[in-house]
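Q: Requesting a structural model of the entry that follows:
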Amino acid sequence: MLHLRVCLLAGGKFLDGKGAMVDDDGMSDALDLLIVGGGINGTGIAADASGRGLSVLLCERGDLASATSSASSKLIHGGLRYLEHWHFRLVHEALVEREIMLRKAPHLVQPQRFILPHRPHLRPRWLIRCGLFLYDHLARRGQLPASTGLPLLVDENNPLNNNLHYGFQYYDCKVDDARLVVANALQARQQGAGILTRTFCRSAVRREGLWHVELEDSNTGQCQQYRAKVLVNAAGPWAESFIEVQLQQQSPQQIRLVKGSHFIVKRLYSGDQAYLLQNDDDRVVFVIPFGTDFTLVGTTDTEYSGDPAVAAMDEREEAYLLQAVNNCFTQQLGSADILWRYAGVRPLCDDDAAKPSAISRDYILELGLGGDAKAPLLSIFGGKITTYRKLAETALQRMQPFLPHMGANWTAEVALVGGDIAGKGEGAYEQWLECQADSYPWLPKALLGRLGRAYGSQLAEVLGDAGAISDLGRCFGANLYQREVDYLVANEWARSGEDILWRRSKLGLYFEPSEMACLEAYVQSYVRASSLAGADRGAPIKRADIKGAAIIKPG
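A: As a prediction, the model looks like this:
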């Protein structure tokens, strides 16, 4: 059964069945921007561009944040170790962005205290002090305390080995990386952008001063043609292959794919502090609280030559991270303690660095033109999640000569979707959460805490008119209720249990296989019902669109 897809864009404009932008008066024109890639850079550019009044369409061949953007160390940080490689500009920019993100998304980005144990044979104490002094002063700190030295007391509350006597304390931020991507996609859609997931870009060619792009619906195999003034290649680790395969051109940059692997174990220690461990190979390893019950350990830096879609932690990486932890912690870990392993592939520009860990995490934006100096291609190489907003802003500035009608910079001062909570500064989020506890006294504290962190001011949309826990419908496990699942499918492009458990909610570690199967069956029934109703994949699904199609009722 064929369904004509019509996406609402900025300024009351629509995409018609031929991929043209249609005004209310019926006049058609090309899209301003077509973005390939639904990771943090693609969605960040979509949000920025749509907020400037541009017509934008983004396609992602899988789920949002289904690759590198959900496989990070979950940090918004300046990159303390980058100072050793003299990457001062990158660290400065990242520290500035850290402050901005604390304001833009206080529900997703929160301060994180780090302890750096001193191992004298690796780095002298004075060198670490100098590095932390620079880290404190390379950019203005509005919300985070300065670094300090501290003795590591030998008592039952100290999880570190008793041969570690001294350390340093500093602050960075942790983030729910996948939800940050979704928040940018939501902001883009609110401002008129079209967001198409499970949509593969088959080809793109320049013709008559425009890009002619063919997109394929991965579920149905149907293809659609679109026209755009500018094409943005935000394909992450596939950026180089996209140019060579889909565009049949030569990439202007050589990419080194570097795999970063992490694992999750049961909570390794009490307290909310994280640790930055110095390793014998001059690298560092993070040990970070993950939710309330787990600890995240990572990351590695290894050259990678395979398909980024199937990247996985190997035995050598696992042994490396286990040794790093066991060198410093009294509780010794083994393979049997690992609950979840994940790996992401970073697309870094080849700067001839001898070691993968020394390659710059800075980004390069390559702008290529057709023979008539029209139809520019903007390709993104490198970058890190912390600097995505600045990357997007810089990308729009590069495109301004080709899209002169775009608005001014705006993203530094405007909250992300969910981040517009009352109050500012330290403690504002906690005060907001207390107000939500008064508004929803029937919600268990732990559930309210998770929902608040995930959705921020969108919490009321998730809960709707619920006035009791029973109004949330069926519980699939781990306090994941039907109403939240319905919201994620209808509003956040979730199309599988995996999308919900590992990216939207991070509850996968709590679910039994039988619970996962029940959730998957329910999600698929919801998706089929919305498809039967002809709902557009690029727009929110309204429950009224389902029209009585079979939906599993709470049991």
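
Q: Show me what the lengthiest helix in the chain packs onto, helices and strands only.
A: Counting residues, the longest helix in the chain under DSSP state H turns out to be helix 513-532. Where contact means 3 or more CB pairs under 8 Å, 6 or more residues apart in numbering; DSSP states H and E, helix 513-532 is packed against strand 475-477, helix 482-491, helix 497-498. (C-beta placed from N, C-alpha, C; glycine too.)

Q: With mean neighbour count and mean pLDDT as new columns, can those be given to me in JSON lines?
A: Compiled in JSON lines, these are given as follows (neighbours: other CB atoms under 10 Å; pLDDT from 0 to 100):
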{"stretch": "strand 475-477", "mean neighbour count": "18", "mean pLDDT": "98"}
{"stretch": "helix 482-491", "mean neighbour count": "21", "mean pLDDT": "98"}
{"stretch": "helix 497-498", "mean neighbour count": "20", "mean pLDDT": "98"}
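
Q: Let's have those in a markdown table, adding distance to Leu102.
A: As requested, the helices and strands packed on helix 513-532 are exported to a markdown table (distance: least, CB to CB, whole Å):
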| stretch | distance to Leu102 |
| --- | --- |
| strand 475-477 | 33 |
| helix 482-491 | 25 |
| helix 497-498 | 30 |
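
Q: which SS class is Leu367?
A: Assigned with DSSP: H, G, I helix; E, B strand; the rest coil, Leu367 falls in the strand class.

Q: Report how many residues lie close to it.
A: The burial count assigned to Leu367 is 15, neighbours taken as other CB atoms under 10 Å.

Q: ok, now Tyr226?
A: For Tyr226, using other CB under 10 Å, the count is 25.

Q: Likewise for the one 3 residues further on?
A: By other CB under 10 Å, the residues close to Lys229 number 21.

Q: Now it: which helix or strand?
A: Here Lys229 sits within strand 223-233, counting by DSSP states H and E.

Q: Between the helices and strands packed on helix 513-532, which one is closest to Ala239.
A: helix 497-498 (24.3 Å; CB to CB).

Q: The longest helix of the chain: which residues count as buried?
A: Buried residues in helix 513-532, counted by 16 or more other CB atoms under 10 Å: 515-516, 518-520, 522-523, 526-527, 529-531.

Q: Now the helix or strand encompassing Ala392: buried residues?
A: According to DSSP H and E, Ala392 maps onto helix 388-399. Neighbour-count burial for helix 388-399 flags 388-396, 399 (criterion: 16+ other CB under 10 Å).

Q: What is the distance between that helix and the centre of its chain?
A: 17 Å (CA atoms, centre = their mean, to the nearest Å).

Q: helices and strands around it, which ones?
A: When contacts are defined as 3+ CB pairs under 8 Å, 6+ apart, helix 388-399 sits against helix 40-51, helix 88-104, strand 363-368, strand 377-382.

Q: The same query, at a cut-off of 6 Å, please.
A: For helix 388-399, the packing partners by 3 or more CB pairs under 6 Å, 6 or more residues apart in numbering; DSSP states H and E come out as helix 40-51, strand 363-368.

Q: Tell me which of these is the most buried.
A: helix 40-51 (a mean of 29; mean count of other CB atoms under 10 Å).

Q: Taking helix 388-399 as reference, get the angle to it.
A: 60 degrees (axes from the mean of the first three to the mean of the last three CA atoms, to 10 degrees).

Q: Helix or strand next in line after helix 40-51, which one?
A: Downstream of helix 40-51 (by DSSP H and E), the next one is strand 56-59.

Q: Please state the offset of that following strand from the chain centre?
A: On CA atoms, centre = their mean, the centre of strand 56-59 falls 17 Å from that of its chain.

Q: next one: stretch 293-302
A: 17 Å.

Q: What's the end-to-end length of that stretch?
A: This stretch, stretch 293-302, spans 29 Å end to end (CA to CA, to the nearest Å).

Q: which residues sit against it?
A: 73, 258-265, 267-268, 286-288, 290, 317, 321, 325, 356-357 (CB atoms under 6 Å, 6 or more residues apart in numbering).

Q: Pull out the buried residues from it.
A: Buried, per 16+ other CB under 10 Å, within stretch 293-302: 294-302.

Q: So which of those residues is the closest to Asp177?
A: Leu296 (11.4 Å).

Q: ok, what's across the strand from the closest one?
A: Ile264, Ile288 (DSSP bridges).

Q: if you go through the stretch 51-200 of the chain in chain order, where are the strands?
A: 56-59, 75-76, 109-117, 148-151, 166-175, 194-196, 199-207 (DSSP state E, counting those that start in this stretch).

Q: outside of stretch 253-273, which residues touch it?
A: 113, 115, 159, 237, 240, 289-290, 293-302, 304, 311, 313, 317, 337-350, 356, 366, 381.

Q: Next step: these restricted to strands.
A: Of the contacts of stretch 253-273, the ones assigned to strands by DSSP state E are 113, 115, 289-290, 294-298, 302, 338-349, 366, 381.

Q: Just the buried subset of those residues, written out for PyMOL, thanks.
A: To isolate the buried members of those in PyMOL, using 16+ other CB under 10 Å:
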select buried, resi 115+289+290+294+295+296+297+298+302+338+341+342+343+344+345+346+347+348+349+366+381
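
Q: Pull up the pairing partners for the strand holding Lys229, direction included.
A: strand 31-36 (parallel), strand 210-217 (antiparallel), strand 377-382 (parallel).

Q: Tell me which of these sits nearest to Pro441.
A: strand 31-36 (42.9 Å).
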